[in-house]
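Trainee: based on what follows, work out the 3D shape:
(one chain, ligands or ions: 3)
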Amino acid sequence: MAKVKIAQYWGAGCGGCDVALLDIDEKILGVADMADIAFWPIAVDTKLKDVEAMPDKSITLTLYNGAVRNSENEHVAKLLRQKSAIVVSFGSCACFGGIPGLANVTNKKDLQDYVYNKTFSSVNPNHVRPQPKFEAPEGELELPVMYDTVLTLDDVIDVDYYMPGCPPTTDQINSFLAVVEKHVKEGAPLPPKGAVLASQKTLCDECGRTKEVTTIDKINMPYEIAIDPKKCMLEQGVICLGPATRAGCGAKCLDANQPCRGCMGPTAAVMDQGGSMLSALASIFRTADNETQLNEDEILQLMTQIKDPLGTFYAFTMPKSIIKRKVKEKKAGVKQ
Ligand code: SF4
Ligand code: SF4
Ligand code: SF4
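Mentor: Ligands and ions are numbered 1, 2, ... in the order given. So this is what the prediction gives:
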């Protein structure tokens, strides 16, 4: 009987998505029965040249996690696209840029200046920087070229499905592996191309906290107040991205009495997660009795209370947002 062939690659991410695949409980043994691992750098010793030698589309499913941050990430993404029938943007870094995507508030030069010269532990009087090529006695050594901008997987290749989450949950992974197995073994249909393999609801829909229609007049950081574990965070003045975030995690952070940071990304109805959250916040912020919208002063009053607006509203989605990145330097003759 046909066996599923799986590849997993780790781009610019933390490794949590790789661990998430290992962490699908005893079902990982079922995966070993159901699938051959064609490529998974942290788990098996297949080299890139082995992948290059595989026939096109011979890998059933590639789960690519992490953003695209350098030339190696892009090269492997393109190679795996060529060799795979199905490619899933696995985890929020691959889908939206994730936490690494916050580096789009700066650029490669400023980042490297800081890391290689300005930290307390940097001792680098000659301002040495990573070089893509280096002549060593043993021969030429190469390093991937770091990009100026953090990209999402679908910025560089055609993606079939998106599985958001930081990392995706065991349920998301198991359900999709079951669908792929049924497709390979019984010819069952796959979801429509481009589908997001997660709940269609918002996190507020699955959060059990009590919600009353109230207004707030102050934003609180989570450490500034004793948070009532039964009441909606927003109604206590704590910014929680539940209204602008896809459900499916089981409201994990809320269970730990911490607000949602939005790691599942926006729902289909939302174009820009940060913008949507700002609008949700504005709707409960205290307004004058006879006004339905905030005036300019009130918007300013609201915004000045938020200590880190980009990190608060775009922690996981900046490269996929309408902002995409902060322009650090305009090239002559180029409109930006
Ligand atoms: S989505 Fe989260 S767990 Fe996965 S690589 Fe990115 S930061 Fe790590
Ligand atoms: S805003 Fe947060 S705490 Fe309030 S209902 Fe939504 S998910 Fe729950
Ligand atoms: S509560 Fe929000 S930040 Fe926490 S795991 Fe769920 S979606 Fe992610």
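
Trainee: which residue packs closest to Asn322, ignoring adjacent ones?
Mentor: Check again: residue 322 is Ile, not Asn. Spatial nearest neighbour of Ile322, chain neighbours left out: Asp272 (4.9 Å); criterion: CB to CB, 6 or more residues apart in numbering. C-beta coordinates here come from the backbone N, C-alpha and C atoms, glycine included.

Trainee: for stretch 220-236, how far is the first residue from the last?
Mentor: End-to-end distance of stretch 220-236 (CA to CA, to the nearest Å): 8 Å.

Trainee: is that stretch anywhere near ligand 2?
Mentor: Yes: under the criterion of CB under 6 Å from any ligand atom, stretch 220-236 makes contact with ligand 2 via 232-234.

Trainee: show me the residues you listed that map onto strands.
Mentor: Among the residues of stretch 220-236 next to ligand 2, no member is found in strands (DSSP state E).

Trainee: could you dump these to TSV with pLDDT and neighbour count?
Mentor: Conversion of those to TSV gives the following (pLDDT from 0 to 100; neighbours: other CB atoms under 10 Å):
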residue	pLDDT	neighbour count
Cys232	96	20
Met233	95	24
Leu234	93	25
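
Trainee: leaving out the residues flanking it, which one is nearest to the closest residue to ligand 1 within the stretch 201-336 of the chain?
Mentor: Nearest residue of the stretch 201-336 of the chain to ligand 1: Cys263, at 6.8 Å (CB to the nearest ligand atom). The spatial neighbour of Cys263 that comes closest, neighbours along the chain excluded (CB to CB, 6+ apart), is Cys166 at 3.7 Å.

Trainee: and the one you found, how many neighbours?
Mentor: 24 (other CB atoms under 10 Å).

Trainee: just Val150 next, same as before
Mentor: Residues near Val150, counting by other CB under 10 Å: 25.

Trainee: make sure it is indeed in a strand.
Mentor: Yes: assigned with DSSP: H, G, I helix; E, B strand; the rest coil, Val150 falls within a strand.

Trainee: surely it meets Val68?
Mentor: Yes: Val150 is in contact with Val68 according to CB atoms under 8 Å; the separation is 7.4 Å.

Trainee: what touches both of those two?
Mentor: Residues touching both Val150 and Val68 (CB atoms under 8 Å, 6 or more residues apart in numbering) are Ala12.

Trainee: in the chain, where is pLDDT below threshold?
Mentor: By pLDDT under 70, the weakly predicted segments of the chain are 1-2, 24-30, 286-294, 328-336.

Trainee: so which bits of it are right by ligand 2?
Mentor: Looking at ligand 2, the residues of the chain close enough under CB under 6 Å from any ligand atom are 203-204, 207, 209, 211, 232-234, 240, 242-243, 254, 260.
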